[in-house]
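A.B. asks: Need a 3D model of the following:
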Amino acid sequence: MTPPNPQDWRLSVAPMMDWTDRHCRFFHRLLTRRARLYTEMVTTGALLHGDVARHLDFDAAEHPVALQLGGSEPADLARCAALGERWGYDEINLNCGCPSERVQRGAFGACLMAEPTLVADCVKAMVDAVSVPVTVKHRIGIDRVESYEFVRDFVGAVAEAGCRVFIVHARNAWLKGLSPKENREVPPLRYELVHRLRRELPGLVIAINGGIADAAAVDREMAQVDGVMIGRKAYHDPWWLASWDSAWYGEPDRGLTREGVEAELVAYMAREHETRGTPWHAIARHMLGLYNGQPGARRWRQVWSDHRLKTLPAAEVMRLAHEPLVPA
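C.D. replies: Numbering: from 1, shown residues only. From the prediction side, this is the model:
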C-alpha cells in the first residue's frame with residue numbers, strides 16, 4: 001500500500017448532513033481548487049437498496065472528493081466502498097463520529113468507537129475492496145470517557161487494519177441527552193489529545209476538526225497536526241475558502257471576485273436546470289453567505305431566498321439581486 005501524502009489532507013471541508021451535497025461541493029470548488037471536499041454521510045442501506053446515482057453522482061470539477069459512508073457491516077461497507085471507487089471518488093471515509101440517536105439506532109456513527117475491533121474489521125474489508133485511501137472520521141471519546149488512552153487504543157486498533165488517515169473531531173460525543181447540534185457545542189474541545197496522537201503515532205496522518213474558524217487557528221493547528229478540517233464556518237462564510245489556496249498551498253492568487261464566483265454558479269444552475277430539471281433555489285441556498293459583511297448583503301440574500309422568484313431563470317434573479325435600490 002502506498003503511504004498517504006499528508007498534503008492531501010492539509011485542508012478540507014467537513015461532511016455535513018443536508019449541506020455538503022454535490023451542488024454545495026461544486027460551489028466550494030469554485031473557491032478552492034486544492035482543499036479536499038466530502039459528501040454528506042451516505043448509509044450502506046441507501047446505496048445497496050436505493051438510487052445509487054442520486055447518492056453518488058458528482059461533477060468532475062469536485063476532485064479531490066471523498067465519499068463518507070455510514071454503516072457497521074464489513075461486507076456491506078466493502079460493497080459500498082467498491083461502488084464509490086467505481087464512481088470515481090478519491091477516498092472512502094467511515095463515519096465514527098456522528099452522535100445522533102437515529103444513527104445510533106442504525107448501530108454506526110460515534111457509538112462504533114466503543115467497538116474498535118468491529119471498526120477494524122470494517123476498515124479491513126474496505127481496504128481489501130478498493131485501491132483508494134480508506135479513512136476514518138471520529139471523536140476523541142464517547143460519553144464521559146475522557147482518557148487519552150481510549151482514543152489512542154481506538155486509533156491503534158483501526159490503524160492495524162490498514163487505515164492510515166484519521167480525521168479527529170476534538171470533542172467527545174455524548175450519546176444520550178444532547179442533540180447533534182449540542183454535541184457540536186457542549187462537550188469541551190480538547191485539541192491537546194489530537195496533538196498527542198500526532199506526536200505518538202508518527203506513521204499516521206492525523207487531521208483535526210472542531211471549532212476552527214479563522215486563519216490564525218488554522219495556522220496554530222497546522223503546526224501540531226497534518227491537516228485541518230473546517231465545518232460550519234466554511235459553509236456560513238464561504239468567501240474564506242477563496243484565500244485558502246494561496247494561504248496554505250502556496251498557489252498564486254487567482255483574483256477571484258464574489259461576483260465572478262456567483263456568475264459561475266449561476267451558469268452551473270442553468271446547466272443543471274437544462275440537463276436535470278434542478279430548480280435554481282436547490283443550489284442557491286448554499287451560497288447565501290457569499291456576501292457576508294458586504295454592503296447590500298442582506299438584500300442580496302433576500303432576493304436569492306425569495307421563492308416567489310423561483311419560476312424566473314437564475315440569471316434574471318442574479319440581475320435583480322444586484323439591481324440598485326431606487327429611493328422611495
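A.B. asks: moving C-terminal of the worst-scoring helix or strand of the chain on mean pLDDT, what's the next helix or strand?
C.D. replies: Here the helix or strand of the chain ranked lowest by mean pLDDT, DSSP states H and E is helix 101-105, holding a mean of 66. Toward the C-terminal end, the helix or strand that comes next after helix 101-105 (DSSP states H and E) is helix 116-129.
A.B. asks: And the average pLDDT for that next one is what?
C.D. replies: When pLDDT is averaged over helix 116-129, the result is 98.
A.B. asks: what packs against that helix?
C.D. replies: helix 74-87, strand 91-96, strand 134-142, helix 148-160 (3 or more C-beta pairs under 8 Å, 6 or more residues apart in numbering; DSSP states H and E). C-betas here are computed from N, CA, C, even on glycine.
A.B. asks: need the ones you listed in CSV with mean neighbour count, distance to residue 226 and mean pLDDT, can you?
C.D. replies: What follows is the helices and strands packed on helix 116-129, written out as CSV (neighbours: other C-beta atoms under 10 Å; distance: least, C-beta to C-beta, whole Å; pLDDT from 0 to 100):
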stretch, mean neighbour count, distance to residue 226, mean pLDDT
helix 74-87, 20, 23, 98
strand 91-96, 26, 14, 98
strand 134-142, 26, 12, 96
helix 148-160, 18, 13, 98
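A.B. asks: Columns distance to residue 28 on top of these, output as JSON lines?
C.D. replies: Below are those laid out as JSON lines (distance: least, C-beta to C-beta, whole Å):
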{"stretch": "helix 74-87", "distance to residue 28": "19"}
{"stretch": "strand 91-96", "distance to residue 28": "16"}
{"stretch": "strand 134-142", "distance to residue 28": "18"}
{"stretch": "helix 148-160", "distance to residue 28": "28"}
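A.B. asks: so who does the closest residue to residue 310 other than its chain neighbours touch?
C.D. replies: The spatial neighbour of residue 310 that comes closest, neighbours along the chain excluded (C-beta to C-beta, 6 or more residues apart in numbering), is residue 281 at 5.2 Å. Applying C-beta atoms under 8 Å, 6 or more residues apart in numbering to residue 281 gives the contacts 304, 305, 307, 310.
A.B. asks: In terms of model confidence, name the weakest of those residues.
C.D. replies: residue 307 (92).
A.B. asks: Roughly how far does that one sit from residue 296?
C.D. replies: 20 Å (C-beta to C-beta, to the nearest Å).
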